[in-house]
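**Q** Make a model of this:
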Amino acid sequence: MLEKFFKLKDNNTTVRTEIIAGFTTFMTMAYILAVNPSILGETGMNPNAVMIATALASFVGTILMALLANYPFALAPGMGLNAYFAYSVVIGMGYSWQIALFAVFVEGIIFIVLSLTNVREAIFNAIPATLKAAVSVGIGLFIAFIGLQDAKLIVSNPSTLVTYQTFKGETFPSIGVGAILALIGILITAILLAKNIKGGILIGILATWILGIICELIGIYVPNPDAGMYSTIPSGIVSLDFSSFKETFGAVFTGTDFGSIKIWDFIVIMFSFLFVDLFDTLGTLIGVSSKADMLDENGKLPRIRPALLSDAIATCVGAIFGTSTTTTYVESASGVTAGGRTGLTSVVTGVLFLLSVIFSPLFLSIPSFAIAPALVIVGFYMMGSVARIDFTDMTDAIPAFLCIIAMPLAYSISEGIAIGVISWTLVNLITGKAKEKKISILMYILTLLFIAKYIFL
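**A** Numbering: from 1, shown residues only. Predicted coordinates for the structure are as follows:
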């Protein structure tokens, strides 16, 4: 049955290899079960409900990828997209998390329509490669910055806006120790990844957490809830109480105050989700499939439409469950490296995400300083896209730089995208390179929309 459905022999793989690959993929991306509730919890959402929503959305998306496209790609709420959801839309713009979920849901609907046509690929081709790379790099810096803040390694300063942790004073037993443990966690994770240890990010989180528990038990680390430093000791391991899930499930419809939505803001928010998800998904599909030698002789991915459709449906389902945009994960490459070649790998990963729901107390007790190393390292991974930017071409490099630097400094992914699009279009238009760079009608439209935003909002 498995052979017939997933065509294992045709893909030169076995059931055993696919199962191992599925476990490997889960191990490398299971950190999202701890990180996502931590980030979305900043908006006032119930972390336990977010954890359940994260696991279920990951399960649905990954199973869809397996059944519709038969690819070994896994899906989960995207890093960067969850940061934009929490820190830009809710905390920055002041919208409720229910409205943010509604924007994610609408984005998913649009993606479903685009995925049923060739429009999604056309949009991808319209945006210059430079800005695609710049968005990834900017989000990476933003995520790493958030991680350093969550670990209290970077703190506010009245003179310089931000500065480093001083590691002294009366807050040292909580904030100071937590910051030191985060530094140790970054070092541990870096060593694991340098040694090509499978699941290095997850192991880094667990190692830092265990060190935190030890420090708390012997009195070195003292929890201080007022400072955002909580106990590291789990209140339990398994829970069959899913009552919190009702706080987010369906809230995208029942809890949204549609009258408070400003149409221009909503368009920018939705487009930002759309933009980042679009390039994150397509980039991941192409990158991972290239690694697995799945591209055809023309460099195209067969069955890309059902793969994109799986991603789009998962985004809508995830919003209904109560989580930010669900997207294809680059960590799928770990499973491919382990030999995964079919949807059976994804089935294994998806089932593991489903099982993780009952272990919610364990995941939710992971402290922010243990999660911080994962954010920093994920930021590092996303920084790798900077190599795709041509710094010898000023009409490409300067807009890319502005896009990158605006995200962490303005504390907003959407501002970085807007500045990048506007500057790239205008610089190339004014310097007479419009024909050479083949600026599309879509880019002109986006530029005008972003300019109108700054003028009228």
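**Q** so what's Thr315 closest to, chain neighbours aside?
**A** Setting aside the residues directly before and after it, Thr315 is nearest to Gly108 in space (CB to CB, 6 or more residues apart in numbering), at 3.5 Å. C-beta coordinates here come from the backbone N, C-alpha and C atoms, glycine included.
**Q** in a strand, that's where that neighbour is, yeah?
**A** No: when the secondary structure is assigned by DSSP: H, G, I helix; E, B strand; the rest coil, Gly108 falls in helix instead of a strand.
**Q** so how far is Cys316 from it?
**A** From Gly108 across to Cys316, the span is 4 Å (CB to CB, to the nearest Å).
**Q** the strands in the stretch 101-250 of the chain, which residues?
**A** Secondary structure of the stretch 101-250 of the chain (DSSP state E, counting those that start in this stretch): strands at 154-157, 161-164.
**Q** Could you dump these into CSV with distance to Leu81, mean pLDDT and mean neighbour count added?
**A** As requested, the strands of the stretch 101-250 of the chain are arranged in CSV below (distance: least, CB to CB, whole Å; pLDDT from 0 to 100; neighbours: other CB atoms under 10 Å):
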stretch, distance to Leu81, mean pLDDT, mean neighbour count
strand 154-157, 22, 87, 13
strand 161-164, 24, 88, 10
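**Q** Serialize the ones you listed to a markdown table and add fields for distance to Ile52.
**A** Listed next are the strands of the stretch 101-250 of the chain as a markdown table, based on distance: least, CB to CB, whole Å:
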| stretch | distance to Ile52 |
| --- | --- |
| strand 154-157 | 31 |
| strand 161-164 | 34 |
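**Q** re the thing from before, can you name the residues that contact the residue nearest to Thr315?
**A** For Gly108, the residues meeting the contact criterion (CB atoms under 8 Å, 6 or more residues apart in numbering) are 312-319, 325.
**Q** Same check on Ser231?
**A** If a contact means CB under 8 Å, 6+ apart, then Ser231 has 216, 223, 365 as its contacts.
**Q** Phi, psi for it please.
**A** Backbone geometry at Ser231, expressed as degrees, to the nearest 10, gives phi -60, psi 140.
**Q** likewise the one 4 residues further on?
**A** When read as degrees, to the nearest 10, the backbone of Ser235 gives phi -80, psi -10.
**Q** Just the element for the closest residue to it other than its chain neighbours, please.
**A** The spatial neighbour of Ser235 that comes closest, neighbours along the chain excluded (CB to CB, 6+ apart), is Pro361 at 5.7 Å. Under the assignment given by DSSP states H and E, the secondary-structure element containing Pro361 is helix 360-364.
**Q** where's that helix relative to the chain centroid, distance-wise?
**A** Centroid displacement of helix 360-364 relative to its chain, using CA atoms, centre = their mean, to the nearest Å, is 20 Å.
**Q** burial measure for Leu240, as a count.
**A** Counted with other CB atoms under 10 Å, the neighbours of Leu240 add up to 7.
**Q** Contacts only, for it.
**A** Ile358.
**Q** Could you do Thr327 as well?
**A** Shown in contact with Thr327 (CB under 8 Å, 6+ apart): 75-78, 81, 277, 280-281, 284, 311, 314-315.
**Q** I'd like these laid out as TSV, including neighbour count, pLDDT and secondary structure.
**A** As requested, these are arranged in TSV below (neighbours: other CB atoms under 10 Å; pLDDT from 0 to 100; DSSP: H, G, I helix; E, B strand; the rest coil):
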residue	neighbour count	pLDDT	secondary structure
Leu75	33	94	strand
Ala76	31	95	strand
Pro77	32	94	strand
Gly78	30	88	coil
Leu81	24	85	helix
Asp277	25	77	helix
Asp280	25	70	helix
Thr281	28	76	helix
Thr284	21	73	helix
Asp311	32	91	helix
Ala314	28	95	helix
Thr315	34	95	helix
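**Q** on that earlier part again, give me the next element, helix or strand, following the helix holding Pro361.
**A** Using DSSP H and E, the first helix or strand after helix 360-364 is helix 368-383.
**Q** helices or strands up against that next one?
**A** Applying 3 or more CB pairs under 8 Å, 6 or more residues apart in numbering; DSSP states H and E, we find helix 368-383 packed against helix 32-40, helix 129-150, helix 177-194, helix 200-217.
**Q** Of those, which is nearest Tyr329?
**A** helix 32-40 (8.0 Å; CB to CB).
**Q** which residues are contacting the closest one?
**A** Residues lying outside helix 32-40 but in contact with it, judged by CB under 8 Å, 6+ apart, are 47-48, 50-51, 54-55, 58, 76-77, 79, 82-83, 85-87, 97, 146, 150, 205, 323-324, 353, 356, 363-364, 366, 368, 370-371, 374-375.
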